[in-house]
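Quick check, what structure comes out for this input:
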Amino acid sequence: MQRCDWVGDNELMQAYHDQEWGRPQHEPQKLFELLCLETYQAGLSWQTVLNKRAAFREDFYQYDIDKVAAMTDEDVERLLGDARIIRHRQKLVATINNAQMIQTWSTPQAFSDWVWSFVDGQPIRQAWATAAEIPSTDERAKQLSKALKQHGFKFVGPTTIYSFMQGAGLVNDHLQSCDWV
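Residues are numbered from 1 along each chain as shown. Model (predicted):
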């Protein structure tokens, strides 16, 4: 099995790479989860985030948008005491805020359709030979980041959004040598 260089020998990383990364995701709840995971990852390794994913899912109601949007300051205080997750107040508050921002669309699916409109509804397939060629962001991610910020989203800088776009399959950055292209 030939995988992208960044995967390594970790089973969680391999499963994420093989089953999720670069696969087009349109389901709003999954898009929300991936966006949240990318916000948690800022400044940390992706493996750290994946190691804590199950606890995040438990604490954030499997990323049910309505339930997360209804969370309160008391919930944030509770989360800050949970050593199983990344306890960064602003990132936790951003998760709740971003769920509330998704609720401003007529439906969660409208949010998904809007996100996908930044790639004209079709995944963009890159043709990278090496991981060194993969950019940390691009113009589409910058545009989506700016639009999300205008909608009131938090922790959605261009690098975070490019990683989100990769994870959600809006951009397929599997290397040419990867069996999962």
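
Neighbours of residue 139, how many?
Using other Cβ atoms under 10 Å, residue 139 has 9 other residues around it. In this view, the C-beta of every residue, glycine as well, is placed from N, C-alpha and C.

ok, now residue 11?
For residue 11, the tally of surrounding residues (other Cβ under 10 Å) stands at 9.

any idea how far it lies from residue 75?
As for residue 11, its distance to residue 75 is 31 Å (criterion: Cβ to Cβ, to the nearest Å).

again with residue 83
Residue 83 sits 16 Å away from residue 75, going by Cβ to Cβ.

So for these two, which sits in the more crowded spot?
Here residue 83 and residue 75 are set side by side on neighbour count (other Cβ under 10 Å), and the busier one is residue 75, at 15 against 8.

element containing the more buried one?
Taking DSSP states H and E as the definition, residue 75 sits inside helix 73-80.

And that helix, what does it pack against?
helix 89-102 (3 or more Cβ pairs under 8 Å, 6 or more residues apart in numbering; DSSP states H and E).

what does the helix it packs on contact?
Helix 89-102 is contacted from outside by 28, 32, 35-36, 39-40, 42, 60, 65-66, 68-69, 71, 75-76, 79-80, 108, 111, 148, 151-156, using Cβ atoms under 8 Å, 6 or more residues apart in numbering.
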